[in-house]
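Engineer: Here's a sequence, model it:
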Amino acid sequence: MLSGWSLEYGVWKGRSRRLLGRALRASFFALALFGGSCREPVPSPIRIGYSPFPGHIFFGMAERQGFFREEGVAVELREFSSFPAAVQAYEAGRLDALASSFSGLLQLAQRMESVKAIALLAYSEGAEGLIAQSEIRTMGELRGKRVGISYWGVGGYLWARVRERSGLKEEEVHLVNLSPADGQRAFLRREIDALLTFEPWLTPTVRQTRANVLFTSRELPGEIADVLSLPERLLRERREECRRLLRAYFRAVEYGRENPEEIARSLAERWSVSREDARAMLGGIRFLDWEENLRALGTPAALAAWRQLVENHRRLNIVREIEDVTQLFDLTLIRERP
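Structural biologist: The predicted model follows:
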C-alpha cells in the first residue's frame, strides 16, 4: 500500500510541477506583454536621402562619430545612385528628408506640397563644371558637338547659365541626357565631346583625360547651394528630433574643420580616389556651420539674394511661378539653437 501511494504521489507531484510551470510562463508572458504596452514606442529613424556628392559627407561623419546617437536622435542614411532616384523615393514617402541642391528644392516645391528647407549645407565653388575633350578649348568650339548633361537638379540651371553667359544657343549643340556616372563613361570613351558634371566625377575625369575645363560653379558665387529639406508635417510632429539632427550635423561640420585630413581620407576611401583628388573635391565646396546659416538666411541682404536666385530659375524656365522664397525655408530651428 505504501509503495502504491508513493507512486501516485510522485505522479501527482510531477503533474503539479508541470502545471505550475505552465502557469508561471503564461504569467511572465502576460506581464511582458502588458509591460511592453505601457512603454513609449521607439520612434522610427528619420530617413535622410541624398545622391552622390561630396557636399553630403558630413551626414556620414555624424553617424560614424556617434553624434546622432549622442544627441539622442535615430537617423537612417540612404544614398541613391542619382538625384532622380532620391526624388522618387522622397515623393513616395520612403524618405523623411532630402539633401539636394537649391535648384532641386525649387523643382521639388512644384511637385510636393509643404516642403521646407531647414538648413543650408554648403555652397559650391567649383564642384560643378563643363569640361571638353582636350582638342576643344573654347565655348564657341562646342557648336555642332555632343554635350552630355543630367537635367534634374542643378544640371538644367547650370546649363542655362552657361549658355546665357557664353552666348551659346541650345540648338547649336546636340544635348545627350545622361546620368553623372553614364556621362563620365561616355566622356572617357569619347562618345561625347563635352560633359556638364560635378564631383565626385569632375576631378577624376579631368585628371584621366586632360580635359579642358570651360566653366565651373566658381563663376557663379552664391548660386549653387545645397540644402536639407523635409515635409512640414515632419517638422511639426517631430520637431525636437529635427533639432537634434541639426545639432549632430553641425557638430560633424566643426569636427571636419578640426580634422581636414580625416575628411579627405574618408572621401578618398568612399570614392576610391587619391587623397589629392579628394582634397581637390573638398576645395570646391564651402560647408556652412550654424552661425553661417544665420548670416546666409536671416538678413535682408541675404533674403534679397535668394529672391534673385529664385527669379533666375523662373526666368530661365527651370521652374514655373513659385512662392516667395521665405515660404521655402523654415528657419525656426536655426534661430532657436539651444
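Engineer: quick one, phi psi at the closest residue in space to R307 that isn't next to it in sequence?
Structural biologist: Distances taken as CB to CB, 6 or more residues apart in numbering put V325 closest to R307, at 5.2 Å, once the chain neighbours are dropped. The way it works is simple: take the backbone N, C-alpha and C, and place the C-beta from them, glycine included. When read as degrees, to the nearest 10, the backbone of V325 gives phi -60, psi -30.
Engineer: what does the one 4 residues further on give?
Structural biologist: Dihedral angles phi and psi of F329 (degrees, to the nearest 10) take the values phi -110, psi 140.
Engineer: cool, and L288?
Structural biologist: phi -110, psi 140.
Engineer: residues in contact with the residue nearest to R307?
Structural biologist: 303, 306-307, 309-310 (CB atoms under 8 Å, 6 or more residues apart in numbering).
Engineer: Buried subset of the residues you listed as a PyMOL selection?
Structural biologist: Buried residues among the contacts of V325 (16 or more other CB atoms under 10 Å), as a PyMOL selection:
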select buried, resi 306+309+310
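Engineer: So which of the contacts of V325 is the closest to I192?
Structural biologist: For these, the residue nearest I192 by CB to CB is L309; the value is 29.1 Å.
Engineer: mind listing the strands for the stretch 201-338 of the chain?
Structural biologist: With DSSP state E, counting those that start in this stretch, the ranges of strands along the stretch 201-338 of the chain come out as 212-216, 225-231, 285-287.
Engineer: so which of these is the most packed in?
Structural biologist: Counting by mean count of other CB atoms under 10 Å, strand 225-231 has the highest mean neighbour count of the strands of the stretch 201-338 of the chain, with a mean of 23.
Engineer: Can you give the distance from it to the centre of its chain?
Structural biologist: From the chain centre to the centre of strand 225-231 is a distance of 8 Å (CA atoms, centre = their mean, to the nearest Å).
Engineer: Tell me how the protein divides into domains.
Structural biologist: 46-123+223-335, 128-219 (automatic domain parsing).
Engineer: Surely C242 and L235 touch.
Structural biologist: Yes: with contacts counted by CB atoms under 8 Å, C242 reaches L235, the gap being 5.7 Å.
Engineer: any shared contact partners between the two?
Structural biologist: Common neighbours of C242 and L235 (CB under 8 Å, 6+ apart) are 118, 333.
Engineer: Throw the strands of the stretch 201-338 of the chain into CSV and include distance to R190 and mean pLDDT, thanks.
Structural biologist: Shown next, in CSV, are these (distance: least, CB to CB, whole Å; pLDDT from 0 to 100):
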stretch, distance to R190, mean pLDDT
strand 212-216, 14, 97
strand 225-231, 31, 96
strand 285-287, 29, 97
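Engineer: would you list those strands in TSV and tack on distance to Q65?
Structural biologist: TSV is the format used below for the strands of the stretch 201-338 of the chain (distance: least, CB to CB, whole Å):
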stretch	distance to Q65
strand 212-216	31
strand 225-231	18
strand 285-287	15
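Engineer: Check whether A62 really touches Y249, as I assumed.
Structural biologist: Yes: look at A62 against Y249 with CB under 8 Å: they come within range, at 5.4 Å.
Engineer: Same drill for the two, tell me which one is more crowded.
Structural biologist: A count of neighbours by other CB atoms under 10 Å puts A62 above the other of A62 and Y249, at 27 against 24.
Engineer: tally of neighbours for R143?
Structural biologist: A total of 11 residues lie near R143 under the criterion other CB under 10 Å.
Engineer: With I318 as the reference, measure out to the closest residue to it other than its chain neighbours.
Structural biologist: Setting aside the residues directly before and after it, R143 is nearest to E172 in space (CB to CB, 6+ apart), at 4.6 Å. The spacing between E172 and I318, counted by CB to CB, to the nearest Å, is 20 Å.
Engineer: out of these two, which sits in the more crowded spot?
Structural biologist: Comparing E172 with I318 by other CB under 10 Å, the one with more neighbours is I318, at 20 against 13.
Engineer: what residues are up against L130?
Structural biologist: Contact partners of L130, counting by CB under 8 Å, 6+ apart, are 147, 158, 162, 194-196, 213-216.
Engineer: Okay, and the beta partners of it?
Structural biologist: For L130, the beta-bridge partners are L196, F215 (DSSP bridges).
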